[in-house]
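Novice: fold the following.
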Amino acid sequence: MKKYSPPVSLLDVFQVGMDRFAKWPTHIVPADKELVNLGAGNKIITGAVPLDLPDWAAGDRMPWDDDEVGAIYAFHFFEHLTKDEIINTLWECERVLCRGGILYTVTPHWDSEAAHQDLDHKSFWSESTWKNLFDNPYYDGSMPRDWKLYEVQSIIMGLVQRNLVVVSMIERG
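Specialist: Below is the predicted model:
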């Protein structure tokens, strides 16, 4: 089992998400706020509470009150979820994150081999996915919602085409 310090930049998020070990500075989160690691599996981030099966399932209520969490890490998590699980999990992230709290994600880019080699992948991601979800004025009402979450930045990173990932920072306004 590898242990990581909490990532604070997109490069840090990429490195942890790609399972490369390094030491990073501690994430600056108010002392009274939690760090959460969604779908942690064997990636343990120091100071972050792992939230995963069998104790918690995607889309279920998270065990925190409103505004109690300072940062959420979701590395290779969202691509394993259905649309409803993604939306419900994001509502929970929005609820538990404090104002200014960050959701850090790493997902395989849709055009990479990594996106298609795992038969458990149920959704595909691009650098435009978050913007389309949070800011798309063309939705027909199938997802009526005023999100408090917004995309700060998403970039495509990888060493070669087969392992391209989308690394994103989503903030709760």
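Novice: show the average pLDDT along the longest helix anywhere in the chain.
Specialist: As assigned by DSSP state H, the longest helix anywhere in the chain is helix 83-96. For helix 83-96, the mean pLDDT works out to 95.
Novice: stretch 126-135 now?
Specialist: Computed over stretch 126-135, the average pLDDT equals 90.
Novice: in that stretch, what counts as buried?
Specialist: 126, 127, 129, 130, 133, 134 (16 or more other C-beta atoms under 10 Å). No exception for glycine: its C-beta is placed from N, CA and C like everyone else's.
Novice: and these, which is closest to residue 162?
Specialist: Proximity of the buried residues of stretch 126-135 to residue 162 (C-beta to C-beta) peaks at residue 126, which lies at 16.3 Å.
Novice: in the chain, which spans are strands?
Specialist: 2-4, 34-38, 43-45, 48-51, 69-75, 97-108, 149-157, 165-172 (DSSP state E).
Novice: pick the most deeply packed of the ones you listed.
Specialist: Sort those by mean neighbour count, taking mean count of other C-beta atoms under 10 Å, and strand 69-75 sits at the top with a mean of 26.
Novice: what are the pairing partners of it, and which direction each?
Specialist: Using DSSP bridges, the strands paired with strand 69-75 are strand 34-38 (parallel), strand 97-108 (parallel).
Novice: just for the protein, where's the confidence low?
Specialist: Residue ranges of the chain with pLDDT under 70: 1-8, 10, 12-31, 137-145.
Novice: what is the distance between stretch 152-164 and the centre of its chain?
Specialist: 15 Å (C-alpha atoms, centre = their mean, to the nearest Å).
Novice: could you list the residues in contact with it?
Specialist: Identification of contacts with stretch 152-164 by C-beta atoms under 8 Å, 6 or more residues apart in numbering yields 10, 14, 18, 102, 108-109, 111-114, 127-131, 165-171.
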